[in-house]
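Asks: coordinates only, sequence not included:
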DNA sequence: AATATCCGTTTGTCTGACAATGTGATATCA
DNA sequence: TGATATCACATTGTCAGACAAACGGATATT
């Protein structure tokens, strides 16, 4: 006999499903307040505790957020929400540095290529400023790591492609967080980093996608070489290279 | 005066934070059961309703799943969880077909390149079988769309890179779901699709990464051309091309 | 030893309650 | 009259306790 496993939904999950559906099909509009718990009890014919548990599922999906610690409003999940999820998934599933790097290498190349087309004055200035800051902080590894991360995020942002941002940001966060490992171990790496960023910047500023991508790829390859020279085993999980407490702080960095 | 906005945590969110932390730092081990609600009440000194709301947040993050509709077990979030999130984010934020395609193009090329190295016999056979099925279903657009989606997923899977899967799967799902639009409108598109898949398959089977990537890129470019010929405005949100009800069914397709 | 029965645990849901906080209406004052 | 202060209400967050259903394991039966 052929059969599907029997699945019974809990009521609170059904609450979630119905509300999610209503949001996706636009019956509950984004930026408008969610009905009050009492109203939902009425509509869905379950008690408040059940409604509340369903709402918690919505909340964690980013489909509702709170305006002013009070009334919940319907909202489109923002990128940081997905990032948190991916970061948890990557770390707990022990994805390796190699896997991460391999993907990120392509995404960064794409980002730098796309950035050429549309980059705005303010973003260009932010990039220049970022490189300047890197020079200033040359001797402070912790700060370098942050600024480096920001450099790449700025470029991805300049690509004006939200699908790219969505895929790239969480991976980038993890990858560059583990670059701490390299920078603290290899003195010369900071100078190479600055030189690479400068070349990438110049290419973008000159609206030269092919060179931007070329230098970015070199930069990424250099990153890998640095990791290995610093003694990183590229086939180990990233979790080995990133401090858990740093990790907790990472997600909030995304929200700005 | 300089100040940070005041943020007050609710208790249930604090429950979530503490449990998440415990899982990330390995104090609660993956595949072991979560403490019972009563135990958590004891540990965290809050009432059961509060504990339960916190657990719902965990549940939606994929950090706990249910074994047998009963006891919850701690778990690493699986890829489908992230996919759901990204899909919601992409659709509700009205990301365009162009953005999606641009990223997916690179990821598919990477996937086909990587697939060459490690592909296993069973996966190769599955690919061959997939192409055969496409031929058989040539005249059934709905089925073609599904099989096409599966073809690309198989290749991504063969890449043996979970970071790639994580980034690619949700985007692929959305992109190929909207290919329905092309296939139903352009009669000849199915034949081109089969030919392309065949070439990609041959390259992978011959362990020829460069050609695999080359044909994949051509295939992707062809996809775009097809969309435009079929009258799709590439700068419109994907939401316009995907039926909401299909969308709801999409995520469950991921879980297998 | 295999099967059937029973019982305690755990969860899902309900009921009801209350304090804190934000919101809008009303009253007060310049 | 218009701005401000006050108040009453609505809504949420949390508590307290209750109960039925389902599961898992222990015990009894064949």
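Replies: Ah, there it is. As the structure is a prediction and not an experimental result, all values here were calculated from the model.
Asks: separation between residue A:192 and residue A:144?
Replies: 12 Å (Cβ to Cβ, to the nearest Å). In short, each C-beta sits where N, CA and C put it, glycine included.
Asks: neighbour count: these two, which is higher?
Replies: Using other Cβ atoms under 10 Å in any protein chain shown, the more surrounded residue of residue A:192 and residue A:144 is residue A:144, with 22 against 15.
Asks: neighbours of residue A:199, how many?
Replies: For residue A:199, the count of nearby residues is 17 (other Cβ under 10 Å).
Asks: which secondary structure state does it sit in?
Replies: The local conformation at residue A:199, judged by DSSP: H, G, I helix; E, B strand; the rest coil, is helix.
Asks: burial of whichever residue of chain A sits closest to DNA strand C, as a residue count?
Replies: Closest residue of chain A to DNA strand C, Cβ to the nearest atom of the strand: residue A:11 (2.8 Å). Neighbourhood size, residue A:11 [other Cβ under 10 Å]: 16.
Asks: can you show me the helices along the stretch 51-200 of chain A?
Replies: Assigned by DSSP state H, counting those that start in this stretch, the helices in the stretch 51-200 of chain A fall at A:79-92, A:97-118, A:121-136, A:141-158, A:162-177, A:180-183, A:189-205.
Asks: rank those helices by pLDDT, which is bottom?
Replies: Of all these, helix A:180-183 carries the lowest average pLDDT, namely a mean of 78.
Asks: re earlier: joint contacts of residue A:192 and residue A:144?
Replies: Shared contacts of residue A:192 and residue A:144, defined by Cβ atoms under 8 Å, 6 or more residues apart in numbering or on different chains, are absent.
Asks: before we move on, back to that, residues touching the residue of chain A closest to DNA strand C, list them.
Replies: Contact analysis of residue A:11 by Cβ under 8 Å, 6+ apart lists A:46, A:50, A:54.
Asks: about what we covered before: figure out which of the helices of the stretch 51-200 of chain A is closest to residue B:196.
Replies: Nearest of the helices of the stretch 51-200 of chain A to residue B:196, taken as Cβ to Cβ: helix A:97-118 at 20.7 Å.
Asks: list the buried residues in that closest one.
Replies: Across helix A:97-118, burial judged by 16 or more other Cβ atoms under 10 Å in any protein chain shown covers A:97-116.
Asks: list the contacts for residue A:234?
Replies: Here residue A:234 is in contact with A:96, A:97, A:98, A:101, A:224, A:227, A:228 (criterion: Cβ under 8 Å, 6+ apart).
Asks: the fifth one against residue A:104, yeah?
Replies: In this case it means residue A:224. No: judged on Cβ atoms under 8 Å, residue A:224 makes no contact with residue A:104 at a distance of 10.3 Å.
Asks: for burial, what's the neighbour tally of residue A:123?
Replies: Residue A:123: 17 neighbours (other Cβ under 10 Å).
Asks: who's in contact with it?
Replies: So residue A:123 contacts A:154, A:157, A:158 (Cβ under 8 Å, 6+ apart).
Asks: how near is the last one to DNA strand D?
Replies: Put plainly, it is residue A:158. 37 Å (Cβ to the nearest atom of the strand, to the nearest Å).
Asks: what about that residue, neighbour count?
Replies: Using other Cβ under 10 Å: residue A:158 sits among 22 other residues.
Asks: one more: residue A:42?
Replies: 12.
Asks: same question for residue A:78.
Replies: For residue A:78, using other Cβ under 10 Å, the count is 16.
Asks: how about it, what does it touch?
Replies: By Cβ under 8 Å, 6+ apart, the residues touching residue A:78 are A:62, B:89, B:93.
Asks: wait, residue A:201 sits on residue A:126?
Replies: No: here residue A:201 lies out of contact with residue A:126, judged by Cβ under 8 Å, at a distance of 10.6 Å.
Asks: more neighbours: which of those two?
Replies: A direct count of neighbours by other Cβ under 10 Å for residue A:201 and residue A:126 places residue A:201 higher, at 22 against 16.
Asks: am I right that residue A:227 is in contact with residue A:182?
Replies: Yes: here residue A:227 reaches residue A:182: they are 5.4 Å apart, a contact under Cβ under 8 Å.
Asks: can you pick the most crowded of the contacts of residue A:78?
Replies: Most neighbours among the contacts of residue A:78, by other Cβ under 10 Å: residue B:89, with 26 neighbours.
Asks: against residue A:23, how distant is that one?
Replies: Distance, residue B:89 to residue A:23, using Cβ to Cβ: 12 Å.
Asks: ditto for residue A:158
Replies: Going from residue A:158 to residue A:23 by Cβ to Cβ gives 31 Å.
Asks: can I get the helices of the stretch 51-200 of chain A in CSV with distance to residue B:82?
Replies: Below are those laid out as CSV (distance: least, Cβ to Cβ, whole Å):
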stretch, distance to residue B:82
helix A:79-92, 5
helix A:97-118, 14
helix A:121-136, 28
helix A:141-158, 18
helix A:162-177, 9
helix A:180-183, 25
helix A:189-205, 29
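Asks: so which of those helices comes closest to residue B:84?
Replies: Closest to residue B:84 of those, according to Cβ to Cβ: helix A:79-92, at 8.9 Å.
Asks: and that closest one with helix A:162-177, angle?
Replies: Counting by axes from the mean of the first three to the mean of the last three Cα atoms, to 10 degrees, helix A:79-92 lies at 50 degrees to helix A:162-177.
Asks: and residue A:3, what pLDDT?
Replies: As predicted, residue A:3 sits at a pLDDT of 69.
Asks: ditto for residue A:252
Replies: 65.
Asks: same thing with the one 3 residues further on?
Replies: Residue-level confidence at residue A:255 comes out at 62, pLDDT.
Asks: measure the residue nearest to residue A:178 when sequence neighbours are not counted to residue A:183 for me?
Replies: Nearest non-adjacent residue to residue A:178, counting by Cβ to Cβ, 6 or more residues apart in numbering or on different chains: residue A:241, 3.5 Å away. In this view, residue A:241 and residue A:183 are 12 Å apart by Cβ to Cβ.
Asks: do you know how far the closest residue to chain B within the stretch 151-256 of chain A is from residue B:235?
Replies: Nearest residue of the stretch 151-256 of chain A to chain B, counting by Cβ to the nearest Cβ: residue A:167, 4.0 Å away. Distance, residue A:167 to residue B:235, using Cβ to Cβ: 20 Å.
Asks: who's more crowded, these two?
Replies: residue A:167 (32 against 9).
Asks: test my guess that that one contacts residue B:103.
Replies: Yes: the criterion here is Cβ under 8 Å, and residue A:167 meets it with residue B:103 at 6.1 Å.
Asks: burial check on residue A:67, number of neighbours?
Replies: For residue A:67, using other Cβ under 10 Å, the count is 12.
Asks: my guess is it contacts residue A:75, does it?
Replies: No: applying Cβ under 8 Å, one finds residue A:67 not in contact with residue A:75, separated by 9.3 Å.
Asks: quick revisit: anything in contact with each of residue A:167 and residue B:103?
Replies: What both residue A:167 and residue B:103 touch, as defined by Cβ under 8 Å, 6+ apart, is the set A:107, B:171.
Asks: list the contacts for the residue nearest to residue A:178?
Replies: A:97, A:177, A:178, A:180, A:181, A:232.
Asks: which phi and psi does it have?
Replies: Residue A:241 adopts backbone torsions of phi -100, psi -10, taken as degrees, to the nearest 10.
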